[in-house]
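> Got a predicted structure plus its sequence, pasted below:
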Amino acid sequence: MANSNSDTTNGSGNASSASETPGAEKSFIASAQEAIGDAAAATVQAVKDHPVAAAAVAAGAAAAVGGAVYAATQLGGGNSGGGKESSSKK
């Protein structure tokens, strides 16, 4: 079912994109660049207005990344090194 939907989408997308590719890509890229610029400007202004809140968000993001890395090393590292350690403990 998913394959038939993706085939239908790809087929119709290729036909329409072939005739609209140059103009559509430029307008899409320009609008994406404008949206990114607006988001960056809003972020800078928010940090200027609320520096303590911005620092708290950054600390929370760092803690989340650190936790994910720790979990990945515990889950991934335990399988390869865990067999040797558990056999030597016995």
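Structure's in. What do you need?
> C-alpha from now on. contacts and neighbour counts both.
Fine.
> residue ranges with poor pLDDT in the protein?
For the chain, applying pLDDT under 70 flags the ranges 1-26, 77-90.
> Domains in it, by residue range?
1-49, 51-90 (automatic domain parsing).
> Helices of this protein, start to end?
2-49, 51-89 (DSSP state H).
> how much space between residue 64 and residue 58?
10 Å (Cα to Cα, to the nearest Å).
> before we move on, what about residue 42?
Distance from residue 42 to residue 58, by Cα to Cα: 16 Å.
> same check, this time on residue 75
26 Å.
> Next: residue 35.
Counting by Cα to Cα - residue 35 and residue 58 are separated by 22 Å.
> and what of residue 51?
As judged by Cα to Cα, residue 51 and residue 58 stand 10 Å apart.
> before we move on, what about residue 33?
From residue 33 to residue 58 the distance is 24 Å (Cα to Cα).
> got it, and residue 39?
Distance, residue 39 to residue 58, using Cα to Cα: 17 Å.
> ok, now residue 43?
12 Å.
> same thing with residue 40?
Plainly put, residue 40 is 16 Å away from residue 58 if you go by Cα to Cα.
> What of residue 27?
From residue 27 to residue 58 the distance is 33 Å (Cα to Cα).
> And residue 41, by the same measure?
For residue 41 relative to residue 58 (Cα to Cα), the value is 17 Å.
> How about residue 76?
27 Å.
> got it, and residue 72?
From residue 72 to residue 58 the distance is 21 Å (Cα to Cα).
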